[in-house]
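*Asks:* here is a sequence together with a model predicted from it:
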Number of protein chains: 2
Amino acid sequence: MNAPLPDHALTAHARRPLPAAMLDALRVRFGERCSTVAAVREQHGRDESPFPVTPPDAVVFCESTEDVAAVVALASQHAVPVIPYGTGSSLEGHLLAVQGGVSIDVSRMTAVVRVNPEDLTVTVQAGVTREQLNREIKDQGLFFPIDPGANASLGGMAATRASGTNAVRYGTMRDNVLGLTVVTAAGEVIRTGTRARKSSAGYDLTRLFVGSEGTLGVITEVTLKLYPLPEAVSAAICHFPSIASAVDATIQIIQMGVPVARCELLDVNAVRFINAQSKLGLRESPLLLMEFHGSDAGVKEQAETVQAIASDIGGEDFQWASTPEERTRLWTARHKAYFAGMSMNPGCRTVTTDTCVPISRLAEIIETSVAEADASGLPYYIVGHVGDGNFHLAYLVKEGDVEQRALAERLSHQMVSRAIALEGTCTGEHGIGLHKMGFLVDEAGAGAVEMMRQVKHALDPKNIMNPGKIFAW
Amino acid sequence: MNAPLPDHALTAHARRPLPAAMLDALRVRFGERCSTVAAVREQHGRDESPFPVTPPDAVVFCESTEDVAAVVALASQHAVPVIPYGTGSSLEGHLLAVQGGVSIDVSRMTAVVRVNPEDLTVTVQAGVTREQLNREIKDQGLFFPIDPGANASLGGMAATRASGTNAVRYGTMRDNVLGLTVVTAAGEVIRTGTRARKSSAGYDLTRLFVGSEGTLGVITEVTLKLYPLPEAVSAAICHFPSIASAVDATIQIIQMGVPVARCELLDVNAVRFINAQSKLGLRESPLLLMEFHGSDAGVKEQAETVQAIASDIGGEDFQWASTPEERTRLWTARHKAYFAGMSMNPGCRTVTTDTCVPISRLAEIIETSVAEADASGLPYYIVGHVGDGNFHLAYLVKEGDVEQRALAERLSHQMVSRAIALEGTCTGEHGIGLHKMGFLVDEAGAGAVEMMRQVKHALDPKNIMNPGKIFAW
C-alpha cells in the first residue's frame, strides 16, 4: 500500500525547459492564441483537486485538430510536455503541469460537427460541453445521457472515462463513444472507430484512448451515441431512516433488473448542504433521488416496483417530481452539492473520494466509512451513483491545514483500500490523475501496470503526453 | 484497396521450427495432454473459414491458467508461436497456424469459477461455452445474453469481440466483459478489471484484449456481467413483401427507441434453407424474427409498437411464439442457417461476409449487395442482426472451385468496400483474422493500424502470440 499523502506524485518531477525556439514557433503560428501571461498559466495549472497550482509554461488556445497537431508536432520536436485542457473540472490533478510544458486549451473547439439523428450519432469537437450538446440536439428529440455533474467538455469526459448519474442505465463514456479523432504523440492525426454501432475490426483503440487521461494522445473530436428523448420521465425522492436502508433498497432495485435511469444517494449532510444552497426544503434524512425513463406505462410500472421495494425497507415520503422544472431544480441542486459543501464550510477545500464496488458490498463499505468519518470530526457528506456501486465521500478540510488534509487523505486511503479488498476499484469515474497512482498498483497489480507502461512507452516514447500521470514513467 | 483474394495472408509466412527441446519440455510437463498426432493437429489447424487446413506442430490441452502460462513461457523462451483454441468456430482464419507453433486448446477449461448472483457477475474459465454457462446459471434466475449463434467458448468470444442476436439490446462482448485473466507474451499472469460495474482506473486493458484475437496474450478467465432472466419474453415473426421493407421497419423500430432484444432479418433464401433443414413451414418471404424482453406489460407494449410500425410498411402475418419451446425451435433454426445452407448445397463451402453500417445506410447496402448477388448466379442467403446495422451475406461456393471462390471473394470485397464508404466497418462481429487484414487498413487508416502494430510490438516483441493475424508484423 502506498503512503497516505500522495503529494510525492506532484513533487517527484523536474520541470523541463520550454525552449525559446518552440515558444517563438508557437507565437508565429498562433499569435495571441499563445499566452504566457501568469494569470492564464495559473488558471490552466489548477483543477478541483487539493493540489497546489502548478502552471504550464504556455497556453495555446486551439480551434481545430490541425492546431492541436501543430502544437504536438513542435512539442515532439523539442521534447516538451503537452497537457490537454477542457473546462478544468478534474478532481484528481490531471491538469497540473508537473513537468512544465504547454497546456493545449480546447475550450474554443465548440463545433457540433455533425448530428445524424437517423443513426442516433453525433460528432463534436473536444471542447463541446455536455450541456451545450444537449441544448443543440434537444429539438431533434435526442439527448446524450452521460452526466458527471460538472459541465465538463466531452473531450475531457472521454479522456477520464467519465460517467455520473445516468450511468446505471446508459453506461459510461466507455460505452457511449463510437470513435475519436486523436493527435498522436508524433503530431499525427488518426481516427478510431466508425459510425457503426459495433465492430470487431482490430484493437479497440477507441477504448484505449477513453480513460487514458491525455497520456497517449490528444482527443480532438468525439463521435458519440445519442438516445431518443424518453416519452415519459419522472423523478422521485424517497427518504430512509438510515443510509443502510437506502443502500439496501438500491441493491434490491438493481437485482430486480428495474431499468432505473438514475439512482442517487444523499446522506443527511449532503441534504443539509443542498437545502441551504438551493432552498429545497427537503426533509433532512438520507434519501434516494431517482429518475425513470420510458413509455408512460413503463415509467409508471418502474415507479410502482421501486416504491414497493422501498416501502418494504422503511422508505417513506415518496415525493414525485413530474414536471421538467421540478426535475431540473432537483438535479441542479444535486449537482451543486460539491459547491454547496464548500460554501457551507467557508475557507475549506474538498477532498473527494470516488470508489466503486460490486453492489452487494456497497452497504458494508459505506457503513464502515461513515463510522470512520463520524469519528474523525471532519465535516463530510456522501453522494453516490449507488445504482452502479459508485459513491463519493467528500471531506471538507481547511485550506492550508496540513493536519486536516492528512487526516482526510488517511480516511480516503482506508476507504479506497477497503474498496479494492472488496473487489472494487479505486476510482469509479474521476480517474487516477496524480492522486491515485499508488492505488492503481494496489488494484491492478504490478504486472498490469507494467503493461500499461509498455503501451505508453510504445506510443509516446518521449513522454510528452501529460507526463507524470496515472503511473510513473 | 487490397486484392480480392486474401490468400496472401495465408501464404506470406515461413513456418518457424518447433525445437525438440521445447517439445520435450512440453511432453514432460503435459504428458498425453501434449499431442503431435496428425489428426489432432489438423483438427486444430482449421476453422469455419474457407482457407485450407494449416495445422500447428503440437497441441497442448490446458486445464488451468498455470498450464497456459507454462506453455507460453516455453514458447517465449524458444520464440515459438502459440494459438489459443476454444471451439474452432472462427469464420476468418484465426486458428490457422500460418507460422506453425503450438495450439493452446482451452476446451477443457470448463469451470464456472464463481457466480455472484447478488452482483450479477460470473467468472468462468476460457473454455466454458455460452450454452454451458446459461445452463449453469438458469436456476439462479440469470442469463448471459451474448449469442453469436455458434456455441462458442467465452474466451474465444472475448478474443473476437463477438456479439450476435441479442447485441441490439445487451451490447457485445466489449460491453459485457468486466475483467480478464490473461497470460502475457512473457508467460506471466495478469488480471484486468475488477468486479465493479465501472472504473476509471488506468488504461482499459480489458477492452485492449477483447477483440485482440489472441495476438497480445491468451485469455484464460473471463468475468462477465449477467442479467436477471426477464419476467416476460415473447418472440414474433413478421413477413414482409421485400427485404427493403423489412429493413425499413427495423430502422424505424430502432429510431423509436423500442428496446427490442433481438431483431433478425432472414431473406427468402435463408427461410427456404431453414425450412428444409428444420421443418418450420415458414412462408417463404423475407421476414423479421424478433424477441421482446421485459415485464408482462412492457413486452406487450413493445410488441404493439413494433406491430404498428411493421403494418405501416406492409408487414403481414405477425405470428407469436410465446412458449419457450416455440421460441427455442425458432432460434435454433435461425442458428442453424449456416449449416442448413451447406446441407442444401452439397459439396459447397460458405464464404460469409460480416459488415455493419450506421442503421440509416442499411437498406442501401443490402439492396445493392442483393442485386450483385442475384446477378452473380451463386447461391446465397442473408441473415442479419439488423437492429445493429449488422448483417451477413453468405455465398455458397463449390469446394475446390477456384473461379466460384474468386467470384464470391470479389462480391464480398465490393460489399465491404461499400460498408466502409458508408462509415461502417469491415467486420461487425467475426473479427479480422487472416481474411480482412487488407480491409482493416482501408477502414482504420495506415496511422491507426501502425498504432496497433506499436502496441503489438511492445507487448509481444517476439511475435509469438497468434502471429500473422489482424495486421502484418
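*Replies:* That came in fine, so what should we check first?
*Asks:* where does chain A dip in pLDDT?
*Replies:* A:1-6 (pLDDT under 70).
*Asks:* any idea which helix is longest in it?
*Replies:* Using DSSP state H to define each element, chain A has its longest helix at helix A:402-421.
*Asks:* buried residues, that one. List them.
*Replies:* Neighbour counts over helix A:402-421 (16 or more other CB atoms under 10 Å in any protein chain shown) mark A:404-405, A:407-409, A:411-420 as buried. (Each C-beta comes from the backbone N, C-alpha and C, glycine too.)
*Asks:* what sits up against that helix?
*Replies:* Helix A:402-421 has contacts (CB atoms under 8 Å, 6 or more residues apart in numbering or on different chains) with A:1-2, A:4-6, A:50, A:351, A:353, A:355-357, A:365, A:368-369, A:372-373, A:376, A:378, A:393, A:395, A:397-398, A:425-426, A:436, A:439, A:442-443, B:194, B:196.
*Asks:* what residues sit buried inside the helix or strand hosting A:Glu221?
*Replies:* Here A:Glu221 is covered by strand A:217-225, with elements defined by DSSP states H and E. Along strand A:217-225, these residues count as buried under the neighbour rule (16+ other CB under 10 Å): A:Gly217, A:Val218, A:Ile219, A:Thr220, A:Glu221, A:Val222, A:Thr223, A:Leu224, A:Lys225.
*Asks:* near chain B, anything from it?
*Replies:* No - using CB under 8 Å from any CB of the partner chain, strand A:217-225 stays clear of chain B, with a minimum separation of 8.8 Å.
*Asks:* who does that strand pair up with?
*Replies:* strand A:121-125 (antiparallel), strand A:177-184 (antiparallel) (DSSP bridges).
*Asks:* redo the ones you listed as TSV? Include mean neighbour count and distance to A:Ala158.
*Replies:* Converted to TSV, the strands paired with strand A:217-225 look like this (neighbours: other CB atoms under 10 Å in any protein chain shown; distance: least, CB to CB, whole Å):
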stretch	mean neighbour count	distance to A:Ala158
strand A:121-125	24	10
strand A:177-184	25	6
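*Asks:* closest one to A:Ile464 among these?
*Replies:* With distances scored as CB to CB, the stretch of the strands paired with strand A:217-225 nearest to A:Ile464 is strand A:177-184 (10.8 Å).
*Asks:* what sits up against the closest one?
*Replies:* Outside strand A:177-184, the residues that reach it (CB under 8 Å, 6+ apart) are A:65, A:68-69, A:72, A:121, A:123, A:158, A:189-197, A:205-206, A:209-210, A:216-225, A:459, B:447, B:451.
*Asks:* what is the neighbour count of the closest residue to A:Leu422 other than its chain neighbours?
*Replies:* Ranked by CB to CB, 6 or more residues apart in numbering or on different chains and with sequence neighbours excluded, the top spatial neighbour of A:Leu422 is A:Arg361, at 4.2 Å. If you count neighbours by other CB atoms under 10 Å in any protein chain shown, A:Arg361 ends up with 22.
*Asks:* ok, the one 10 residues further on next?
*Replies:* A count of nearby residues for A:Ala371, using other CB under 10 Å, gives 10.
*Asks:* what's it sitting at in phi/psi?
*Replies:* Backbone torsions for A:Ala371, taken as degrees, to the nearest 10, come to phi -60, psi -40.
*Asks:* what does A:Tyr381 give?
*Replies:* The phi/psi pair for A:Tyr381 (degrees, to the nearest 10) is phi -150, psi 160.
*Asks:* what about the helix or strand containing A:Ser76, near chain B?
*Replies:* A:Ser76 is part of helix A:65-78, with elements assigned from DSSP H and E. No - using CB under 8 Å from any CB, helix A:65-78 stays clear of chain B, coming no nearer than 11.6 Å.
*Asks:* how far off strand A:177-184 does that helix point, in degrees?
*Replies:* Between the axis of helix A:65-78 and that of strand A:177-184 there is an angle of 40 degrees, by axes from the mean of the first three to the mean of the last three CA atoms, to 10 degrees.
*Asks:* using CSV, list the CA coordinates for helix A:65-78.
*Replies:* The C-alpha atoms that make up helix A:65-78 are tabulated as CSV, following Å, rounded to 0.1, in the frame of the first residue of the first chain:
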residue,chain,number,x,y,z
THR,A,65,-7.5,19.4,-34.9
GLU,A,66,-4.8,20.9,-37.1
ASP,A,67,-4.0,23.5,-34.4
VAL,A,68,-3.5,20.7,-31.9
ALA,A,69,-1.4,18.7,-34.3
ALA,A,70,0.8,21.7,-34.9
VAL,A,71,1.4,22.2,-31.2
VAL,A,72,2.1,18.5,-30.6
ALA,A,73,4.5,18.3,-33.6
LEU,A,74,6.5,21.1,-32.1
ALA,A,75,6.3,19.5,-28.7
SER,A,76,7.6,16.3,-30.1
GLN,A,77,10.4,18.0,-31.9
HIS,A,78,11.5,19.8,-28.7
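*Asks:* in it, what's buried?
*Replies:* Under the neighbour-count criterion of 16+ other CB under 10 Å, helix A:65-78 has A:65, A:67-78 buried.
*Asks:* give me the contact list for it.
*Replies:* Contact partners of helix A:65-78, identified using CB under 8 Å, 6+ apart, comprise A:18-19, A:21-22, A:25-26, A:29-30, A:60, A:62, A:80-82, A:101-102, A:104, A:106, A:181, A:183-189, A:218, A:220-221, A:462, A:464.
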